[in-house]
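Trainee: just need the structure, nothing else, for what follows:
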Amino acid sequence: MTILITLLVYFGALLVLSRLTTRHSSNDTFYRGNRQSPWPLVAFGMVGASISGVTFISVPGMAVTTQFTYLQMCLGFAVGYVVVAFVLLPVYYRLNLTTIYSYLQTRLGQQAYKTGAGFFLLSKILGSAVKFGVICMVLQRFVLDALHIPFALTVVLMMGLIWLYTRRGGIKTLVFTDTFQTFCMFAALLLIIWQVNSALHYSLSDSLRAIVADEHSRIFVWDDFMSRQNFWKQFLSGIFVVVVMTGLDQDMMQKNLTCKGLREAQKDICSYGLAFFPANLLFLALGVLLMQLAAQQGSPLPALTDDLLPLFAASGRLGTAVVVFFTIGIVAASFSSADSALTALTTTWCVDIAERPHDERLRRRTHALMAVAFAAMILIFNAVNTTSVIDAIYTLCSYTYGPLLGLFAFAFFTRYRVRGRWVPWVCIISPVICWAVSLLTQQTTGYEMGYERLMLNGALTFGGLFIFRVR
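Mentor: Numbering: from 1, shown residues only. Okay, the predicted model is just below:
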């Protein structure tokens, strides 16, 4: 009952914020926030939107199998955000874009424009369904099953709420709700760490010494190039993941394009880009502390590393307060990711695919249909998911975001156009070739490609476009 009351209060706060930010709303408000968003609010809210509920669940468990090596990728993230801020953003602001895929129309023509927008729609609905579906499943398993609430009803209610508070204000509302949700997420994380420290009878200094001395706190892997945790693989992949999943992603860029000007948007991106390393360090430190707590209590670690945090935080073993913090933390993180995805999907369909940016009726109808499609994808993912969550998301993006990387790279770094009818074929065939190369490499050499699939996929797309170039 305590959890339900807390969730109702939390959801009520979101609806109040929505109401306060949707006065005199229009399509420009929904799509671009009237270009009046304060950059510090955008930056703080983007931390939560980028981290998502998947990080809350999966990253503490990553300390079990890959130690702190995920931080190597976070270092690459920081470089990637600098590239986005000083290479991509100036172009987007100079052209006064509502969606970033309009740039492809300017440089490469209509077919490239539609293909880029289409791949974004596919990539975003798949990736966001994975992220949000995990949170729904965790809440269901550890909290809502005890209340005999069906999983399908959980998904429908949560997506219905997101639709309700985003349907009028869109991106303008999200700037404020994401700020609130990011605050709730980090407050929950710090309170859970404090409670785990108390259970271990650690002071702050004891906790720091224990984490540094633990064998799972290894960050860098220099000596094994075949390992997926090798520094250069992780670092370079981190750069490309950010460039593609932020700089070429309408969802991530839409809030940044609501700032008053280019300089403010650049300060916004650099600020939250630097926040990723310490934020993920906290999550990984929590994972080490939870392993030490399990050893102290004689508890076996779960078979799935994603279950490490829920095992302690959602089961009541650390008290009701931690269950409440955990629930609020993952709901806040997942909502801040899912609500912006829903808004970006609506924007891309109306502006890029339908090319009717001023049609409010179409926008409202599309927004509702996207929420329904989102819920359907979550239910499908729940039926077939068998892999680690973060790995599943990055595997998906390495195939579906690769063509976007190739399209934008070709548009930015060449002066050619492309024979329009060949663009969709190149963007479809490239991921297939990438998958075949990955499979063949593993079978013949034993080497398993990881996040570098994204770079290979983008290079294949670039090469295909170069073959069909025209001046």
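Trainee: please make it C-alpha for all contacts and neighbour counts, starting now.
Mentor: Noted.
Trainee: name the element the most centrally placed residue in the chain belongs to?
Mentor: The residue lying closest to the centre of the chain (C-alpha atoms, centre = their mean) is S50, at 4.6 Å. Here S50, judged by DSSP states H and E, is contained in helix 39-66.
Trainee: quick one: the residue nearest to the centre of the chain and Q297, what's the gap?
Mentor: 34 Å (C-alpha to C-alpha, to the nearest Å).
Trainee: what's the answer for Q111, then?
Mentor: Between Q111 and Q297 the distance is 60 Å, computed by C-alpha to C-alpha.
Trainee: neighbour count winner among these two?
Mentor: Set Q111 next to Q297 and count neighbours by other C-alpha atoms under 10 Å: Q111 wins out with 18 against 10.
Trainee: and the pLDDT for the more buried one?
Mentor: Looking at Q111, its pLDDT is 91.
Trainee: now L440
Mentor: 90.
Trainee: again with V384
Mentor: At V384, the predicted lDDT confidence score is 67.
Trainee: ditto for the one 3 residues further on
Mentor: pLDDT recorded at T387 is 51.
Trainee: ok, now C397?
Mentor: So C397 comes in at 64 (pLDDT).
Trainee: what does G127 give?
Mentor: pLDDT, G127: 78.
Trainee: repeat that for P431.
Mentor: pLDDT for P431: 90.
Trainee: run through the residues that contact it.
Mentor: 399-400, 402-403, 457 (C-alpha atoms under 8 Å, 6 or more residues apart in numbering).
Trainee: let's see 7 Å
Mentor: Residues in contact with P431, defined by C-alpha atoms under 7 Å, 6 or more residues apart in numbering, are 399, 457.
Trainee: tell me which element it is part of?
Mentor: Assigned by DSSP H and E, P431 belongs to helix 423-445.
Trainee: alpha carbons only: can I get the next helix or strand after that helix in CSV?
Mentor: Reading on from helix 423-445 to the C-terminus, the next helix or strand found by DSSP H and E is helix 453-467. Taking C-alpha atoms only, helix 453-467 is exported to CSV below (Å, rounded to 0.1, in the frame of the first residue of the first chain):
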residue,chain,number,x,y,z
ARG,A,453,29.3,-3.6,-35.3
LEU,A,454,28.0,-0.1,-35.3
MET,A,455,31.1,1.3,-36.9
LEU,A,456,31.3,-1.6,-39.5
ASN,A,457,27.6,-1.1,-40.4
GLY,A,458,28.1,2.7,-40.9
ALA,A,459,31.2,2.1,-43.0
LEU,A,460,29.3,-0.4,-45.2
THR,A,461,26.4,2.1,-45.7
PHE,A,462,28.9,4.9,-46.5
GLY,A,463,30.6,2.6,-49.0
GLY,A,464,27.3,1.7,-50.7
LEU,A,465,26.3,5.3,-51.0
PHE,A,466,29.7,6.2,-52.5
ILE,A,467,29.2,3.6,-55.2
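Trainee: tell me the domain ranges of the chain?
Mentor: Segmentation of the chain into domains, based on the TED database, reads 1-385, 387-470.
Trainee: what does the helix or strand that the helix holding S50 is followed by contact?
Mentor: Counting by DSSP H and E, the next helix or strand C-terminal to helix 39-66 is helix 70-83. Identification of contacts with helix 70-83 by C-alpha under 7 Å, 6+ apart yields 219-220, 231, 234-240, 242-243, 269-270, 273-274, 276-277.
Trainee: what comes up buried for helix 70-83?
Mentor: Neighbour counts over helix 70-83 (16 or more other C-alpha atoms under 10 Å) mark 70-83 as buried.
Trainee: and the contacts of helix 70-83, which of them are buried?
Mentor: Buried, going by 16+ other C-alpha under 10 Å: 220, 231, 234-240, 242-243, 269-270, 273-274, 276-277, out of the contacts of helix 70-83.
Trainee: filter these down to just the ones in helices.
Mentor: Judged by DSSP state H, the subset of the buried ones among the contacts of helix 70-83 located in helices is 231, 234-240, 242, 269-270, 273-274, 276-277.
Trainee: so where's this protein uncertain?
Mentor: Scanning the chain for pLDDT under 70 picks out 1, 53-54, 142, 384-398, 450.
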